[in-house]
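K.L.:
Sequence and predicted structure, then a few things I'm wondering about:
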Amino acid sequence: MNKIYTISTLLAVILAIISPFVPIPYSAALLMILGGFGAINNPPDLRLRIYAATVILILGGKSLTNIPMVGDPLAAIFVGVALALTGASIVGVSIGIYQVLRNNLAK
């Protein structure tokens, strides 16, 4: 099952790289779903790094447009990666809430 999560994350990164150059219907939704599915088995310390990377890419991804000639495609790629990480963050937060509730209700 771990390989499926890894393949999902790999597909999300590939889609983030390809989608600025090839029109793919519902690519944003696919990025979030693939990123979320890839994050199902992540440990808590990795979830924290994903949250930080998500914030950094969301806030800084658009600033890459300032680079001449390659800025726009780079920004689009990193915004796509940010979408995948947003899906992973949403799943990570949901799993964290579930674990806290399960532990507190079991007492």
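P.N.:
That came through, no problem. Numbers count the residues shown, from 1 in each chain.

K.L.:
Helix, strand, or coil at the residue sitting nearest the centre point of the chain?
P.N.:
Centroid-nearest residue in the chain, with Cα atoms, centre = their mean: L85, separated by 1.6 Å. Local secondary structure at L85 is given as helix here, using DSSP: H, G, I helix; E, B strand; the rest coil.

K.L.:
Hmm, L57 and it touching each other?
P.N.:
Yes. Counting by Cβ atoms under 8 Å, a contact exists between L85 and L57, whose distance comes to 6.4 Å. Quick note: C-beta positions are derived from backbone N, CA and C, even for glycine.

K.L.:
from the chain's centre, how far out does the helix or strand encompassing V79 sit?
P.N.:
Remark: V79 resides in helix 71-105, with elements defined by DSSP states H and E. The offset between the C-alpha centroid of helix 71-105 and the centroid of the whole chain comes to 5 Å, using Cα atoms, centre = their mean, to the nearest Å.

K.L.:
And for stretch 66-79?
P.N.:
A distance of 18 Å separates the centroid of the chain from that of stretch 66-79, by Cα atoms, centre = their mean.

K.L.:
Need the residues touching each of L85 and L57.
P.N.:
Residues touching both L85 and L57 do not exist when contact is defined as Cβ atoms under 8 Å, 6 or more residues apart in numbering.

K.L.:
still on that earlier bit, I'd like the distance between the residue nearest to the centre of the chain and L101.
P.N.:
Distance, L85 to L101, using Cβ to Cβ, to the nearest Å: 24 Å.

K.L.:
And the residue lying closest to V79 once chain neighbours are set aside, what's its pLDDT?
P.N.:
Across the structure, with Cβ to Cβ, 6 or more residues apart in numbering as the measure, the residue nearest V79 apart from its sequence neighbours is G61 (4.6 Å). pLDDT recorded at G61 is 86.

K.L.:
Quick check: the gap between D45 and A76.
P.N.:
For D45 relative to A76 (Cβ to Cβ), the value is 30 Å.

K.L.:
on that earlier part again, and the residue nearest to V79, what is it in contact with?
P.N.:
When contacts are counted by Cβ under 8 Å, 6+ apart, G61 touches A75, F78, V79, V81, A82.
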